[in-house]
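Peer 1: turn this into a model:
(2 chains)
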Amino acid sequence: MNEIRVRFAPSPTGFLHVGGARTAIFNWLYARNKNGKFLLRIEDTDPERSKSELSEQIIRSMNWLGMIADEPIVYQALNIERHKQVALMLLESGNAYRAFETAEELEEQRKIAQRNKVPFKYNRASLNLPEVTIKKYLAEGRPYAVRFRVPEGITEFDDIVHGKTSFKNSDIDDFVIMRSDGSPVYMIAVVVDDYDMKISHIIRGDDHLSNTPKQILMYRALGWNVPEFAHLPMILDEEKKKLSKRRNPVSTEEYKDKGYLPEALFNFLTLLGFAPENNAEVVSKEELIKLFTFERVNKKSAVFDMKKLNWINSEYIRNTDTNELIVIAKGSKYLAENGIDLSKFTDVYISSVIMLMKERLNTLNDLYDFGEYFFKDPENYDEKGIVKYWVAEIKPLFREFSKELENFKHWSLLELEEKLRIFAENRQIKAAQLIHLLRLSVTGKTVSPGIFEVIEIMGKDSTNRRIYNFLQKN
RNA sequence: GGCGCGUUGGUGUAAUUGGUUAACACGCCGCCCUCUCAAGGCGGAGAGUACGGGUUCGAUCCCCGUACGCGCUACCA
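Peer 2: Residues are numbered from 1 along each chain as shown, chains lettered A, B, ... in the order given. Next up, the predicted model:
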């Protein structure tokens, strides 16, 4: 068998959509699994929607996820001449013909058909034009589009995930392959580029399933080998609609900014429409490469479940080396936006904080959301906490305890805890009553990791300063 | 409207060639641990496999129909 060559072919309309990322991942996994080539082609033929900066962003997101193309990136717009040339070949061989109708005329016909609820199909008027008329039109310089002449019959193919799929050619319109301004259309561009790139397997979204027979017909008309097709299920949102910006972030970049690890997103996306043997869930890229097979790819569209992503991400955070997390945290947009400058802290400090927080984080951004207090003194205190814990009987005792802390020499987890517990026991109160106040005064919150761990990391000065401020304000 | 694809708990997925109390994970609820979280441990609720017909001794699995969802139906990609 020939070399396996697959490609991911996004159109640069803004960013790498997570649905696209999933398609890219399946292509990539398949290529790696088969020792083949993974290629990237930017489909930038629509000048209205394509901008070069946007393709840069797609490439960046792909790299972030750990995927790079094995050959130079192909920009479809650069191949326009070739697409035209092939369209002309089709015209010359009689597999395509000139259509002189204007877009407006067709639109009108379409409307009428719609009104009468009958399926609209191009009536092939131009195909049946007498030779002389065509010559006359051409002499007049009348503009024309080139339409592919769909032959009679049935087009069948064996989709790798869907199995045997067939379409009646009579249901397929003679589609346009070249516009009247001479520009080629997507439908022919993909076929030509995939052929030129020697793509062996076209792995793409389900939404292209209905386009497949058209493309196969073109391959055949050109006498080209038809590649294999694998159509992946779509990804839907919780409302079972196409992933929409309203409910979920749809761009890969957004997930990065929200503190998701690339490996986690990659793993999660993989699980949408695919399950490795044993139904394993947290699976490394290396394992995934080994385990990937289309036999276990689903036909059914999948719903993007944020909660599961969060869980997977938290698993990855827990299992990622702290030093790596430090690097990521330092580059975090979110922390910066919230005024946290990690370069002001020592790596030892950041490292202790992350080690303590690691198993509590869903995303790296939670480092701020849950642990802001590690990086700045609290400015206000949880109101419910105040009501519940800052009660008259305890106030004097907490003040007294804070004095003792100021002079406490043995600033370590165990000794701090022992000290507090003994203090509480002597005053006949529950240690928890002081602990809650300690937490509230130091963090401003009622929730944190074990408070002795927290103040051990924070250090004596910072802790005492915070308690002092708390007592001043309350 | 036409054509195509799909349909297993709330979600993602399992279930050797038709024979299981329909499994696992996320989520949810409760308990334990405990200074609050998180993690962990233990337990629980939640689907009879969209619906209706077949075929079969027996269908999640095979066939047909219906419903619903999605996609295509552009001189968009």
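
Peer 1: now the helices for the stretch 151-300 of chain A?
Peer 2: A:186-196, A:212-222, A:252-257, A:262-270, A:285-291 (DSSP state H, counting those that start in this stretch).

Peer 1: for RNA strand B, tell me whether the fourth one is touching it.
Peer 2: This means helix A:262-270. No: against RNA strand B, helix A:262-270 shows no contacts by C-beta under 7 Å from any atom of the strand, the least distance being 8.4 Å. Just so you know, the C-beta spots here come from the backbone N, C-alpha and C atoms, and that holds for glycine as well.

Peer 1: check the first one too.
Peer 2: Yes: residues of helix A:186-196 contacting RNA strand B under C-beta under 7 Å from any atom of the strand: A:186-187, A:189.

Peer 1: show me what counts as buried in that helix.
Peer 2: The neighbour-count check on helix A:186-196 (16 or more other C-beta atoms under 10 Å) flags A:187-195 as buried.

Peer 1: ok, the nearest residue to A:Asn95 once chain neighbours are set aside - contacts?
Peer 2: Of all residues not flanking A:Asn95 in the chain, A:Ala221 sits nearest, at 3.9 Å (C-beta to C-beta, 6 or more residues apart in numbering). When the contact criterion is C-beta atoms under 8 Å, 6 or more residues apart in numbering, the partners of A:Ala221 are A:90, A:93, A:95, A:148.

Peer 1: cool, A:Val192 as well?
Peer 2: Applying C-beta under 8 Å, 6+ apart, the residues near A:Val192 are A:79, A:82-83, A:86.

Peer 1: how about A:Glu372?
Peer 2: A:338, A:340.

Peer 1: one more: the one 5 residues further on?
Peer 2: For A:Asp377, the set of contacting residues under the criterion of C-beta under 8 Å, 6+ apart consists of A:462, A:465-466, A:469.

Peer 1: go on, A:Val191?
Peer 2: A:86, A:215, A:218-219, A:222, A:224.

Peer 1: mind running it again at 10 Å?
Peer 2: If you count contacts by C-beta atoms under 10 Å, 6 or more residues apart in numbering, A:Val191 has them with A:83, A:86, A:177, A:202, A:214-219, A:221-222, A:224, A:226-227.

Peer 1: most neighbours among those, which one?
Peer 2: Within these, most neighbours by other C-beta atoms under 10 Å means A:Ile177, with 28 neighbours.

Peer 1: in CSV: the contacts of A:Asp377, plus distance to A:Leu309.
Peer 2: Shown next, in CSV, are the contacts of A:Asp377 (distance: C-beta to C-beta, whole Å):
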residue, distance to A:Leu309
A:Ser462, 35
A:Arg465, 39
A:Arg466, 35
A:Asn469, 38
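
Peer 1: quick check on those: which are buried?
Peer 2: Judged by 16+ other C-beta under 10 Å, buried ones among the contacts of A:Asp377: A:466, A:469.

Peer 1: and the contacts of A:Asp377, which is closest to RNA strand B?
Peer 2: Nearest to RNA strand B among the contacts of A:Asp377: A:Arg466, at 15.4 Å, using C-beta to the nearest atom of the strand.

Peer 1: how about the closest one, nearest residue that isn't a chain neighbour?
Peer 2: A:Arg466 sits nearest to A:Val442 (C-beta to C-beta, 6+ apart), 4.8 Å away.

Peer 1: and that neighbour, what element?
Peer 2: Element membership for A:Val442, per DSSP states H and E: helix A:431-443.

Peer 1: and that helix, anywhere near RNA strand B?
Peer 2: Yes: counting by C-beta under 7 Å from any atom of the strand, RNA strand B is contacted by helix A:431-443 at A:431-432, A:435-436, A:439.

Peer 1: again, but for stretch A:392-409
Peer 2: No: using C-beta under 7 Å from any atom of the strand, we find that stretch A:392-409 stays clear of RNA strand B, coming within 13.6 Å at best.

Peer 1: tell me the buried residues in that stretch?
Peer 2: A:394, A:397-398, A:401-402, A:405.

Peer 1: could you export the residues you listed as CSV, including distance to A:Ile42 and pLDDT?
Peer 2: What follows is the buried residues of stretch A:392-409, written out as CSV (distance: C-beta to C-beta, whole Å; pLDDT from 0 to 100):
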residue, distance to A:Ile42, pLDDT
A:Ile394, 65, 94
A:Leu397, 68, 96
A:Phe398, 63, 97
A:Phe401, 65, 96
A:Ser402, 63, 95
A:Leu405, 61, 94
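
Peer 1: so which bits of the stretch 1-150 of chain A are right by RNA strand B?
Peer 2: For the stretch 1-150 of chain A, the residues in contact with RNA strand B (C-beta under 7 Å from any atom of the strand) are A:11, A:43, A:45-46, A:49, A:76, A:99, A:101-103, A:106, A:110, A:117-120, A:122, A:143-145.

Peer 1: if we can go back for a sec, state the mean pLDDT of the helix holding A:Val442.
Peer 2: The pLDDT scores in helix A:431-443 average 97.

Peer 1: buried sites along it?
Peer 2: Neighbour-count burial for helix A:431-443, counted by 16+ other C-beta under 10 Å, picks out A:433-443.

Peer 1: closest one of those residues to RNA strand B?
Peer 2: Nearest member of these to RNA strand B, counting by C-beta to the nearest atom of the strand, is A:Ile435, at 4.0 Å.

Peer 1: how many neighbours does the closest residue to that closest one other than its chain neighbours have?
Peer 2: Distance criterion C-beta to C-beta, 6+ apart; nearest residue to A:Ile435, sequence neighbours excluded, is A:Ile451 at 5.7 Å. Neighbours of A:Ile451 under the rule other C-beta under 10 Å: 23.

Peer 1: go on, A:Lys240?
Peer 2: A:Lys240 has 8 neighbouring residues, counting by other C-beta under 10 Å.

Peer 1: now swap in A:Lys388 and tell me
Peer 2: If you count neighbours by other C-beta under 10 Å, A:Lys388 ends up with 12.

Peer 1: check which helix or strand it maps to.
Peer 2: Per DSSP H and E: helix A:383-389 holds A:Lys388.

Peer 1: who are the packing partners of the helix holding A:Val442?
Peer 2: Contacts defined by 3 or more C-beta pairs under 10 Å, 6 or more residues apart in numbering; DSSP states H and E place helix A:431-443 against helix A:383-389, helix A:395-406, helix A:413-426, helix A:451-458, helix A:460-473.

Peer 1: quick one: average pLDDT of the last one?
Peer 2: Just to be clear, that refers to helix A:460-473. For helix A:460-473, the per-residue pLDDT averages 96.

Peer 1: next one: the third one
Peer 2: Averaged over helix A:413-426, pLDDT sits at 95.

Peer 1: could you dump stretch A:65-75 to PDB, C-alpha only?
Peer 2: The C-alpha atoms that make up stretch A:65-75 are tabulated as PDB, following Å, rounded to 0.1, in the frame of the first residue of the first chain:
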ATOM      1  CA  LEU A  65      -1.900  21.400  20.700                       C
ATOM      2  CA  GLY A  66       1.300  19.800  19.600                       C
ATOM      3  CA  MET A  67       0.600  19.300  15.900                       C
ATOM      4  CA  ILE A  68       2.800  20.400  13.200                       C
ATOM      5  CA  ALA A  69       2.600  19.700   9.500                       C
ATOM      6  CA  ASP A  70       5.100  17.300   8.100                       C
ATOM      7  CA  GLU A  71       5.500  19.200   4.900                       C
ATOM      8  CA  PRO A  72       5.400  22.900   4.000                       C
ATOM      9  CA  ILE A  73       1.900  24.400   4.500                       C
ATOM     10  CA  VAL A  74      -0.100  24.700   1.300                       C
ATOM     11  CA  TYR A  75      -2.000  27.900   0.700                       C
END
